[in-house]
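Visitor: sequence-free structure coming up:
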């Protein structure tokens, strides 16, 4: 179903200003293409970086783009999953997972203040990044393979229905 939406958009000509922008700055077509490989790679990279607690996640996506060709707008949108509303529960979940993986007792008197984080950074840093490592290396590949499988399944189903008609 999603593939059909993208397919319909692909058939329509792009806006002349967008074409002019692409020509002017020599943007490779792969960075904007919508195909299975480009979209799945974008999901992989975007989610991988979204799980990492660091500033400038979108710049990290752009820094990776010359080495791995993927749809940049989709990867940037995946980075937005870690926004100011989702960051605290997401990073707390990563911290608790890291504590569990390392066998460390998590801190119970957590406060959302800058002073508390400055005082306890040494205690939370390693468990947080252990949890980050776990989620980045498990969730993003799972999403990659799931979307890849669903896309292939969708194409096969569409081809079977065309053969019947």
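Guide: Thanks, I have it. Since the model is a prediction, treat every value here as computed from it, not as a measurement.
Visitor: so what secondary structure elements neighbour the longest helix anywhere in the chain?
Guide: With DSSP state H setting the assignment, residue counts place helix 114-164 as the longest helix in the chain. Using 3 or more C-beta pairs under 8 Å, 6 or more residues apart in numbering; DSSP states H and E as the contact definition, the elements that helix 114-164 packs against are helix 2-11, helix 36-50, helix 87-102. Using the backbone N, CA and C atoms, a C-beta is placed for each residue, glycine as well.
Visitor: any idea which element residue 75 lies in?
Guide: With elements taken from DSSP states H and E, the one containing residue 75 is helix 72-79.
Visitor: And for the residue lying closest to residue 151 once chain neighbours are set aside, the neighbour number?
Guide: Once flanking residues are discounted, residue 151 sits nearest to residue 36: 4.6 Å by C-beta to C-beta, 6 or more residues apart in numbering. For residue 36, the tally of surrounding residues (other C-beta atoms under 10 Å) stands at 15.
Visitor: Quick check: residue 36 vs residue 42, distance?
Guide: Distance, residue 36 to residue 42, using C-beta to C-beta, to the nearest Å: 11 Å.
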